[in-house]
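Novice: I would like the atomic coordinates for the input below:
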Amino acid sequence: MADLQAVILGIVQGLTEFLPISSSGHLVLAATWFGFQAEGESLELAVDIATNTGTFLAVLIALRADVWLAASGFARGLFSAEARKQDGWRLASLVIIGSVPTAIIGLGLRGVFEHLNAPLPVSLALAVTGAILWTAPTRGTRRESRELGWRDALIAGTAQGLAVVPGISRSGSTISALLWRDVDAALAARLSFLLYLVASAGVAVLGFTEVRDAELGWRAVAWMTLASFVTGWLALIWLFRLLKKGRFRWFAPYLWIVSTLTLLRLAAS
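Specialist: Numbers count the residues shown, from 1 in each chain. As a prediction, the model looks like this:
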């Protein structure tokens, strides 16, 4: 893969992983529109896995305080009943519980994911994501992790698992699901991205051999990682600002436009 192709795909991943518009879906469309793959052909799963590395690092650094709170709280809670009453243990528990349905659905739909990694199903899924964003509440009242329960975590994890379908936004689905559960937008985003860290780490471990066997080239993987990290960091900052202003649904019209243009292009080809 050429360096320019790798940078473009990394930028697309970084901008779209955290914004609620589906990174996997946009990677498929970008690869098609820029001629990196034939019309209607499926994007290599290895590309999705490789570009994910940079956004993983962006979240890990941006939410380092939450990551440390959850990790240290969980470690202390293993040996102390008093620690299990603290926010760190609660946050870690929510992430662990939410990761279970994500893992089950993600592994179960792995084969389906590969077949849907093409422009037509992606365009339809983007329209669905737009509907999810448009109908979601803009704000919730529960602002602390201790106010959330296992049902909230399971619902968020299930939403994240279903977002394995390209075009269904992971962040859009999980944040919307938590907003429907009356969770504050900022807390919903934080929990969504902590769930992403666990899922992303799992994808990286399970997909290492796929990236290696795809022969993308380590230079291309490095460019993808750098580009997705930088743009992902900027997208995170922007998303939290939009959530604070209650403008989450602003992305819905964009998704419907992209979906319509893709369908028109496919019909004309």
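
Novice: how many other residues sit next to the nearest residue to residue 201 once chain neighbours are set aside?
Specialist: Spatially, and ignoring its direct neighbours in sequence, residue 201 is nearest to residue 56 (7.0 Å; CB to CB, 6 or more residues apart in numbering). Any C-beta I mention is one placed from the backbone N, CA and C, and that applies to glycine too. Using other CB atoms under 10 Å, residue 56 has 22 neighbouring residues.

Novice: Please enumerate the strands of the stretch 101-250 of the chain.
Specialist: Counting by DSSP state E, counting those that start in this stretch, the stretch 101-250 of the chain yields no residue ranges for strands.

Novice: tell me the helices in it, going along the chain?
Specialist: Ranges of helices in the stretch 101-250 of the chain, per DSSP state H, counting those that start in this stretch, are 110-115, 119-135, 150-162, 170-180, 185-214, 218-244.

Novice: how far is the fifth one from where the chain is centred?
Specialist: Going back to what we said before, that points to helix 185-214. Centre-to-centre, helix 185-214 and its host chain are 8 Å apart (CA atoms, centre = their mean, to the nearest Å).

Novice: how near is residue 249 to residue 179?
Specialist: For residue 249, the distance to residue 179 (CB to CB, to the nearest Å) stands at 10 Å.

Novice: Identify the contacts common to these two.
Specialist: Common neighbours of residue 249 and residue 179 (criterion: CB atoms under 8 Å, 6 or more residues apart in numbering): 136, 138.

Novice: before we move on, back to that, possible to save the helices of the stretch 101-250 of the chain as JSON lines with distance to residue 79?
Specialist: Converted to JSON lines, these look like this (distance: least, CB to CB, whole Å):
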{"stretch": "helix 110-115", "distance to residue 79": "36"}
{"stretch": "helix 119-135", "distance to residue 79": "41"}
{"stretch": "helix 150-162", "distance to residue 79": "22"}
{"stretch": "helix 170-180", "distance to residue 79": "30"}
{"stretch": "helix 185-214", "distance to residue 79": "22"}
{"stretch": "helix 218-244", "distance to residue 79": "34"}
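
Novice: for these, which one ends up most surrounded?
Specialist: helix 170-180 (a mean of 26; mean count of other CB atoms under 10 Å).

Novice: Nearest to the spatial middle of the protein, which residue is it?
Specialist: residue 170 (4.0 Å; CA atoms, centre = their mean).

Novice: contacting residues for that residue?
Specialist: Going by CB under 8 Å, 6+ apart, residue 170 touches 17, 22-23, 160, 163, 192, 196, 199.

Novice: now stretch 241-259: mean pLDDT?
Specialist: Averaged across stretch 241-259, the pLDDT comes to 92.

Novice: I misspoke; the intended subject was stretch 69-79.
Specialist: Averaging pLDDT along stretch 69-79 gives 94.

Novice: again with stretch 156-168
Specialist: 92.

Novice: And stretch 176-185, end to end?
Specialist: End-to-end distance of stretch 176-185 (CA to CA, to the nearest Å): 9 Å.

Novice: Can you give me the first-to-last residue distance of stretch 105-125?
Specialist: End-to-end for stretch 105-125, by CA to CA: 17 Å.

Novice: Ok, stretch 54-72 next?
Specialist: By CA to CA, the extent of stretch 54-72 from end to end equals 24 Å.

Novice: Buried residues, that stretch. List them.
Specialist: Residues 54-59, 62-63, 66-67, 69-70 are the ones in stretch 54-72 that count as buried (16 or more other CB atoms under 10 Å).

Novice: And for residue 73, nearest residue in space, chain neighbours not counted?
Specialist: residue 88 (1.6 Å).

Novice: wait, what's in contact with the closest residue to residue 127 other than its chain neighbours?
Specialist: Of all residues beyond its chain neighbours, the one nearest residue 127 is residue 259 (4.2 Å), with distances taken as CB to CB, 6+ apart. Residue 259 sits next to 123-124, 126-127, 130 when contact means CB under 8 Å, 6+ apart.

Novice: Output those residues as a markdown table; include the columns distance to residue 236 and pLDDT.
Specialist: Shown next, in a markdown table, are these (distance: CB to CB, whole Å; pLDDT from 0 to 100):
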| residue | distance to residue 236 | pLDDT |
| --- | --- | --- |
| 123 | 26 | 94 |
| 124 | 28 | 95 |
| 126 | 21 | 96 |
| 127 | 25 | 97 |
| 130 | 21 | 97 |
